[in-house]
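> Build me a structure from this.
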Amino acid sequence: MISILIVDDHAVVRAGLLALLDGEPGFTVAGECGDGDTAVRLAQRLRPDVVLMDVRLGAGPGGDGIDTTRRILTAVPGTGIVVLTSYGSQDAVMRAIEAGARGYVLKAGEPEELFRAVRTVAAGGMTLAPGAAERLISRVSDPEPLLSDRETQVVRLLARGHNNRDIAAALFLSEATIKTHLVRIYRKLGTGNRVSTVAEATRRGLIEPG
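Next up, the predicted model:
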């Protein structure tokens, strides 16, 4: 029997996962919680085979899912952690793996993908959702980021609907510098306006969906 700890800051999501996993042969949900600090304590007490970890975890105590993954593996080395998330950006995939997660599953995927990931990780293996695997391969084969850190910051602010003046103020830069960044971003992404730039950056996994 594979014992599982569910960590997600949305009670409805936890309830859905509990019902889904408890109905699958060979699985038992040992516990569930909604924040990082509680997750670490439960992992130490329950010693689950697999932790299903929401990558964000909202604003609860103990940090996001990546930080909590690191803390659990420090406290209980060898725990199998499957990161469960609604998006699959390159950054999120890489951060999860670097933190020690051995599985990465998208919430929009089929239940069988989740079941397979739990079984694989419980057996000591590693698994990634197809979309996440593609992003990881892309990152490894082309480790140089398409956009610089500053350019990524600009695109994230674009995605939030900020104009050039707001972006300049947020980043402590001049509007002329922001315009220069936008020209370079458009060229790199092959786009010609703000809307298509945000859409293309999201499609490529350079920023998270809003």
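> from here on, contacts and neighbour counts on C-alpha atoms
Noted.
> Which helix or strand contains residue 192?
For residue 192, there is no enclosing helix or strand under DSSP states H and E.
> List of residues touching stretch 165-175?
If you take CA atoms under 8 Å, 6 or more residues apart in numbering as the criterion, stretch 165-175 is touched by 154, 157-158, 164, 177-178.
> tell me which residues in that stretch are buried?
Neighbour-count burial for stretch 165-175 flags 167-168, 175 (criterion: 16 or more other CA atoms under 10 Å).
> can you pull the pLDDT of residue 91?
What the model reports for residue 91 is a pLDDT of 66.
> ignore the last one, residue 207
On the pLDDT scale, residue 207 is placed at 83.
> wait, what's in contact with it?
Residues near residue 207 by CA under 8 Å, 6+ apart: 89, 152, 155-156, 201.
> please redo it, this time with the cut-off set to 6 Å
By CA atoms under 6 Å, 6 or more residues apart in numbering, the residues touching residue 207 are residue 201.
> That one: what secondary structure?
coil (DSSP: H, G, I helix; E, B strand; the rest coil).
> State the distance from it to residue 8.
Between residue 207 and residue 8 the computed distance is 22 Å (CA to CA, to the nearest Å).
> With residue 25 instead?
Distance from residue 25 to residue 8, by CA to CA: 22 Å.
> Which one of those two is surrounded by more residues?
Neighbours were counted for residue 25 and for residue 8 using other CA atoms under 10 Å; residue 8 has more, 27 against 9.
> That one contacts residue 52, correct?
No: using CA atoms under 6 Å, residue 8 is not in contact with residue 52, being 8.1 Å away.
> Quick one, grab the pLDDT at the residue in the chain sticking out farthest from the centre.
When distances to the mean C-alpha position of the chain are computed (CA atoms, centre = their mean), the maximum falls on residue 176, with 33.6 Å. As predicted, residue 176 sits at a pLDDT of 93.
> for it, helix, strand, or coil?
helix.
> pull the helix or strand with minimum mean pLDDT from the chain.
helix 130-141 (a mean of 52; mean pLDDT, DSSP states H and E).
> after that one, next one along is what?
helix 149-159.
> Give me the distance from the following helix or strand past that next one to the chain's centre.
Downstream of helix 149-159, the next assigned helix or strand under DSSP H and E is helix 164-171. When C-alpha coordinates are averaged (CA atoms, centre = their mean, to the nearest Å), helix 164-171 and its chain have centres 27 Å apart.
> Now residue 4: phi and psi?
Backbone torsions for residue 4, taken as degrees, to the nearest 10, come to phi -130, psi 140.
> Tell me who's in contact with it.
By CA under 6 Å, 6+ apart, the neighbours of residue 4 are 29-30, 48, 50-51.
> Can you lay out the residues you listed as JSON lines showing distance to residue 111 and secondary structure?
Output for these, formatted as JSON lines (distance: CA to CA, whole Å; DSSP: H, G, I helix; E, B strand; the rest coil):
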{"residue": "29", "distance to residue 111": "16", "secondary structure": "strand"}
{"residue": "30", "distance to residue 111": "19", "secondary structure": "strand"}
{"residue": "48", "distance to residue 111": "20", "secondary structure": "coil"}
{"residue": "50", "distance to residue 111": "16", "secondary structure": "strand"}
{"residue": "51", "distance to residue 111": "16", "secondary structure": "strand"}
